[in-house]
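>>> Below: sequence and its predicted model.
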Amino acid sequence: MIIPVTKNQHPKEKPQMPLGFGRYFTDHMFVAHFTRAKGWHDPKVVPYAPLPMDPAAAVFHYAQSMFEGLKAFRHKNNEIVIFRPEFNAQRMAKGALRLCMPEVPQELFLKGIETLVAVDSAWVPKEKGSSLYIRPTLIGSEAFLGVRPADEYTFFVILSPVAGYYSAGSKPVKIWVEKNQIRAARGGLGEVKAAANYVSALQAATLARPKGFDQVLWLDAVHKSYIEEVGTMNVFFVFKNEIVTPALQGTILPGGLRECCLELLKSWGKPVRERAITIEEVAKAHVQGELLEVFGTGTAAVISPVGELVYEDNAMKFKYDDNSISHQLYKEITDIQYGEKPDTRNWLRRLSFEKS
């Protein structure tokens, strides 16, 4: 597959540290189009610019929109790698079917990202803790008004040099257990990285922040008891006798970092289980001194330890050190991402081009 590149004749000034998250965007983007008649066609890398979009486009009216998130890293030898892009390609393809959208072929997904990252390789930060965030997005772009799947789609990828997701870095976060609003229900879009999932979660987090919380812990839609996700991350609970993460049952996004943590924990001989877990079980275990850690996993923050989990009037607090499971996982994964440990699990996809 040959992807033509049109260079930006007016490159931007590179941002200085601190980068924050999602505030800056590189000089180029990747774009491809789909129609029922032609299939996927016209892939290209072009200067970063607004997308021409009809006001009647399906994405605006019927929410045919989904995205992925992954990262590229610069190693000390200046080599640039992308962390597990095949996982994201497969998850987007599966999610597209649920939203009645065409699957983006894995070759197009990977080649588009690799070409774009190569063109904007100078934007990949060098500092440990920073990376180039990659945002592939698929939207319905046909102009029409009528409740049906679109016949035309646009797939695009943009890049953003980033630091940590939370302003506090890897410090423990404070989480509120949300009992009123819900994130997802069985048969809905909870296991798909659809844009609709994120807008429905905004209000609860927005209401929690003035009270001093960084995010909310989501419970199931029916019983308001079974734990699902923490913010936009998968969640793990470290008990004295086992490590538990909620089982995937159609309402939880199957996260790439969740998968990595499960693989590492099993390889370390840790008793890790995927099962249903209630907030009542968590609160009881904390009172009994059986709950040691709570942490979230996701591409943006990697591992986010929970320092305080507030459920009704019960504030559960946790302490962390270098021996904490969350710290060990964070170090193992980031050491692989930044090339400080060998990639024995084939998690890194190396770019073959002349590095800048």
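Everything's here; your move.
>>> make it CA atoms for all contacts and neighbour counts henceforth
OK.
>>> Low-confidence ranges, the stretch 251-356 of the chain, go.
353-356 (pLDDT under 70).
>>> ok, which stretches of it are helices?
256-267, 279-287, 325-337 (DSSP state H, counting those that start in this stretch).
>>> and Met92, which of those helices is closest to it?
helix 256-267 (12.0 Å; CA to CA).
>>> Just name whatever secondary elements the closest one is in contact with.
Applying 3 or more CA pairs under 8 Å, 6 or more residues apart in numbering; DSSP states H and E, one finds that helix 256-267 contacts strand 272-274, strand 291-298.
>>> just to revisit the earlier point, quick one, which of the helices of the stretch 251-356 of the chain is packed in tightest?
Highest mean neighbour count among the helices of the stretch 251-356 of the chain (mean count of other CA atoms under 10 Å): helix 325-337, with a mean of 19.
>>> what packs against that one?
strand 291-298, strand 302-311.
>>> okay if I get those as JSON lines plus distance to Asp321?
Converted to JSON lines, those look like this (distance: least, CA to CA, whole Å):
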{"stretch": "strand 291-298", "distance to Asp321": "11"}
{"stretch": "strand 302-311", "distance to Asp321": "11"}
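>>> Next, Asp42: secondary structure please.
strand (DSSP: H, G, I helix; E, B strand; the rest coil).
>>> do you know how far the closest residue to it other than its chain neighbours is from Ser65?
Spatial nearest neighbour of Asp42, excluding adjacent residues (CA to CA, 6 or more residues apart in numbering): Ala32 at 5.5 Å. Ala32 is 15 Å from Ser65, where distance means CA to CA, to the nearest Å.
>>> who touches Glu119 in this structure?
Actually, residue 119 is Val rather than Glu. Residues near Val119 by CA atoms under 8 Å, 6 or more residues apart in numbering: His28.
>>> follow-up on the earlier one: neighbours of the residue nearest to Asp42, just the number please.
When neighbours are defined as other CA atoms under 10 Å, Ala32 has 21 of them.
>>> Which helix or which strand is home to it?
Assigned by DSSP states H and E, Ala32 belongs to strand 28-35.
>>> same question, Glu228
strand 227-230.
>>> Let me see the backbone angles for Ala204.
phi -60, psi -40 (degrees, to the nearest 10).
>>> Is Leu217 in contact with Glu229, as I believe?
Yes. With contacts counted by CA atoms under 8 Å, Leu217 reaches Glu229, the gap being 6.0 Å.
>>> neighbour count winner among these two?
More crowded of Leu217 and Glu229, by other CA under 10 Å: Leu217, with 26 against 23.
>>> sec struct for that one, please.
Per three-state DSSP, Leu217 ends up strand.
>>> which residues touch the residue of the chain most remote from its centre?
The C-alpha centroid of the chain is most remote from Gln288, which lies 33.7 Å away (CA atoms, centre = their mean). If you count contacts by CA under 8 Å, 6+ apart, Gln288 has none.
>>> how close does it sit to Met316?
12 Å.
>>> Check Val222 too.
24 Å.
>>> The two - which one has more neighbours?
Using other CA under 10 Å, the more surrounded residue of Val222 and Met316 is Met316, with 19 against 11.
>>> Look up the closest residue to that one, ignoring the ones flanking it.
Using CA to CA, 6+ apart, the closest residue to Met316 is Leu309 (5.0 Å).
>>> Quick check: Ser326 touching Val302?
No. Proximity of Ser326 to Val302 does not meet the contact threshold set by CA under 8 Å, at 10.0 Å.
>>> Can you report how many residues lie near Ile134?
21.
>>> again with Asn323
For Asn323, using other CA under 10 Å, the count is 8.
>>> Please name the bridge partners of Ile227.
Leu219 (DSSP bridges).
>>> what sits against it?
217-220, 246, 276-279.
>>> Columns distance to Arg135 on top of the residues you listed, output as JSON lines?
Shown next, in JSON lines, are the contacts of Ile227 (distance: CA to CA, whole Å):
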{"residue": "Leu217", "distance to Arg135": "25"}
{"residue": "Trp218", "distance to Arg135": "24"}
{"residue": "Leu219", "distance to Arg135": "27"}
{"residue": "Asp220", "distance to Arg135": "28"}
{"residue": "Pro246", "distance to Arg135": "26"}
{"residue": "Ala276", "distance to Arg135": "31"}
{"residue": "Ile277", "distance to Arg135": "32"}
{"residue": "Thr278", "distance to Arg135": "33"}
{"residue": "Ile279", "distance to Arg135": "33"}
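>>> So, low pLDDT: which residues of the stretch 51-200 of the chain?
Low-confidence regions of the stretch 51-200 of the chain, defined by pLDDT under 70, span residues 165-170.
>>> could you redo the last one with a cut-off of 50?
Scanning the stretch 51-200 of the chain for pLDDT under 50 picks out the ranges 168-169.
>>> At which residues are the helices of it located?
Using DSSP H, counting those that start in this stretch, helices in the stretch 51-200 of the chain cover 58-62, 85-98, 106-119, 195-208.
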